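Colleague: just coords:
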């Protein structure tokens, strides 16, 4: 991954920027409170990275910092999320690198399937076989969404015109159309406006709220974290700010750039996956399914 950084930033500069960020955050939380001047220092750090904010890792870290200080405070959870992401980039993490690699391969497969402008059954069967072999990517966006859509389309063994249009619009979400020779960006954008591709998520899980423990990660497009906590409690559930062995559901927020390999992957998902391997039954669900369950 560090080869990518060298294209636009020296390794020493990159490391210094992230180490400085972690140091600033540690200094700010030393007295267990944050004031307006300290928020300004973090805003200034983000501003200093403006030349790189469209590239990794700053395209993920800068928005995370800005979201964390938007309300003028930083919770311990927000601090740990930032530190976790910085550490993932600063120190070699084989699992993190494998996930990044394979999600990028998935994006490439979607690009290849769409490159001739048509999508057929044989291509979808190949994609499903690849997804089946890569089940360790479950809960990493957009694996679940792609699997769900491909599974549904293949149920009758054919791709009808409406399904093909939906697949094209959805697959194009994960392709940089500027790098394509055949795909026309204007046509794809027009197709996206015609098709409703929002809310596509994993096969609907059975979510029970009463007496269940919910934890939330990421950003919701519907309401703030504190308001979600109130809703869970009002429906008889319990809310936790961290993933523990008692957690029943980790809900992944629906906001984020789909081109970010880790827009739905973070410290809490990593913790949930670790506990699942130990035998704890924690279900990782998309926010869409969460609201559907409450409705």
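Modeller: Cool, the structure landed. Keep in mind that this is a model prediction, so the values were computed, not measured.

Colleague: From the contact counts, what lies against the helix or strand where residue 284 lies?
Modeller: For residue 284, the element it lies in under DSSP states H and E is strand 283-286. Helices and strands touching strand 283-286, by 3 or more Cβ pairs under 8 Å, 6 or more residues apart in numbering; DSSP states H and E, are strand 249-252, helix 267-277. C-betas here are computed from N, CA, C, even on glycine.

Colleague: So which bits of that strand are buried?
Modeller: Of the residues in strand 283-286, those with enough neighbours to count as buried (16 or more other Cβ atoms under 10 Å) are 283, 284, 285, 286.

Colleague: closest to residue 138 among those?
Modeller: Relative to residue 138, the closest of these is residue 284; by Cβ to Cβ it sits at 7.7 Å.

Colleague: mind listing what the closest one touches?
Modeller: 138, 139, 249, 250, 252, 269, 272, 273 (Cβ atoms under 8 Å, 6 or more residues apart in numbering).

Colleague: Show me what the fifth one is bridged to.
Modeller: In this case it means residue 252. residue 217, residue 286 (DSSP bridges).

Colleague: what's the neighbour count on it?
Modeller: 30 (other Cβ atoms under 10 Å).

Colleague: now it: how far from residue 54?
Modeller: According to Cβ to Cβ, to the nearest Å, residue 252 and residue 54 sit 24 Å apart.

Colleague: now for the helices and strands packed on strand 283-286, which one comes closest to residue 114?
Modeller: Comparing the helices and strands packed on strand 283-286 by Cβ to Cβ, strand 249-252 comes nearest, at 25.6 Å.

Colleague: Which residues outside the closest one are in contact with it?
Modeller: By Cβ under 8 Å, 6+ apart, the residues outside strand 249-252 that reach it are 139, 141, 207, 212-218, 243, 264, 268-269, 272, 282-287, 290.

Colleague: Select only the buried ones of these in ChimeraX?
Modeller: Here is the ChimeraX selection string for the buried members of the contacts of strand 249-252, based on 16+ other Cβ under 10 Å:
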select :139,141,207,212,213,214,215,216,217,218,243,264,268,269,272,282,283,284,285,286,287,290
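
Colleague: related to what we said a few turns ago, single out the most deeply packed of the helices and strands packed on strand 283-286.
Modeller: Comparing the helices and strands packed on strand 283-286 by mean neighbour count (mean count of other Cβ atoms under 10 Å), strand 249-252 comes out on top with a mean of 26.

Colleague: pLDDT averaged over that strand, what's the number?
Modeller: Mean pLDDT, strand 249-252: 86.

Colleague: measure residue 251 to residue 151 for me?
Modeller: From residue 251 to residue 151 the distance is 22 Å (Cβ to Cβ).

Colleague: Give me the next element, helix or strand, following the longest helix seen in the chain.
Modeller: If you go by DSSP state H, the chain has its longest helix at helix 94-114. For helix 94-114, the following helix or strand on the C-terminal side (DSSP H and E) is helix 121-133.

Colleague: List the contacts of that following helix.
Modeller: Taking Cβ under 8 Å, 6+ apart as the rule, helix 121-133 contacts 106, 109-110, 113, 137, 143, 146-147, 150-151, 153-154, 157-159, 167.
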